[in-house]
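> Generate a structure from the sequence data that follows.
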Amino acid sequence: MTEYDGFPAPEHGLLVTHFLTVRDVGVSREFYANVFGGEIVLAENPATVKVANTWIVMNPGGGPTPDKPDVVLTAPEPGDPVSAFLNVRVADIHAFHAQARAQCARFLTEPQDRGAELRCYLRDPDGYLIEIGQTTGLLHGITARPQ
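Coordinates of the predicted model:
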């Protein structure tokens with residue numbers, strides 16, 4: 001067994017991972033391992049945490065490289081607009097919310113009933129937005145209420 005066992009490398013087809021540009025790899029790695037019960041697959045370069053059926057890959061930002069010219073990677077700054085976020089589905093949102101708060105997760109609100117689902121949002125140490133949702137009414141044909 002090597003330190004790369006469990007690293008997301010498909011034998012055929014494809015799999016999807018999510019890459020986050022982070023300020024402190026260790027802090028972010030521990031957040032995803034502790035709050036989401038993730039398994040640390042690789043500690044650094046890049047930090048990789050297996051969470052349920054996906055992987056979160058984390059590295060510090062940096063300037064362009066030959067394979068991504070004109071691209072600069074940076075973690076979000078407070079007040080930056082949000083254009084994408086993680087969407088995590090849970091079986092019991094209240095149990096997850098309590099467990100995550102015990103791990104010092106910062107939620108924007110308590111879980112709220114949106115008709116089709118119960119949901120709330122939290123931010124990771126770099127400010128990335130994460131939706132936590134439990135499908136409820138949608139399973140019975142109830143769609144989300146308009147805002």
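> Tell me, domain by domain, which residues of the chain belong where.
With automatic domain parsing as the criterion, the domains of the chain are listed as 1-67, 76-147.
> In CSV, list the ones you listed along with mean pLDDT and mean neighbour count.
All C-beta spots, glycine's among them, are computed from the backbone N, C-alpha and C. Output for these, formatted as CSV (pLDDT from 0 to 100; neighbours: other C-beta atoms under 10 Å):
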stretch, mean pLDDT, mean neighbour count
domain 1-67, 91, 15
domain 76-147, 93, 14
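> is the residue nearest to the spatial centre of the chain in a bridge, and if so with what?
By C-alpha atoms, centre = their mean, the mean C-alpha position of the chain lies nearest to Leu86, the distance being 4.8 Å. Leu86 has these beta-bridge partners by DSSP bridges: Ile130.
> Give me the distance between it and Gln112.
Distance check for Leu86 against Gln112: by C-beta to C-beta, to the nearest Å, it reads 18 Å.
> Return the distance of stretch 83-101 from the chain's centre.
10 Å (C-alpha atoms, centre = their mean, to the nearest Å).
> so where do the helices sit in the protein?
With helices called from DSSP state H, the chain shows them at 25-35, 93-102.
> how distant is the shortest one from the center of its chain?
Its chain's average C-alpha position is 15 Å from that of helix 93-102, according to C-alpha atoms, centre = their mean.
> and what of stretch 62-73?
Relative to its chain's centre, stretch 62-73 lies at 23 Å (C-alpha atoms, centre = their mean).
> Pull that stretch out as PDB, backbone CA atoms only.
Only the C-alpha atoms of stretch 62-73 are listed here, as PDB (Å, rounded to 0.1, in the frame of the first residue of the first chain):
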ATOM      1  CA  GLY A  62      -0.600  30.800  -8.200                       C
ATOM      2  CA  GLY A  63       0.000  32.300 -11.500                       C
ATOM      3  CA  PRO A  64      -0.300  30.900 -15.000                       C
ATOM      4  CA  THR A  65       1.400  27.700 -16.000                       C
ATOM      5  CA  PRO A  66       2.100  26.300 -19.500                       C
ATOM      6  CA  ASP A  67      -1.100  24.300 -19.500                       C
ATOM      7  CA  LYS A  68      -3.300  27.200 -18.300                       C
ATOM      8  CA  PRO A  69      -1.800  30.400 -19.700                       C
ATOM      9  CA  ASP A  70      -3.500  33.600 -18.500                       C
ATOM     10  CA  VAL A  71      -5.100  31.800 -15.500                       C
ATOM     11  CA  VAL A  72      -4.500  33.000 -12.000                       C
ATOM     12  CA  LEU A  73      -5.900  30.900  -9.100                       C
END
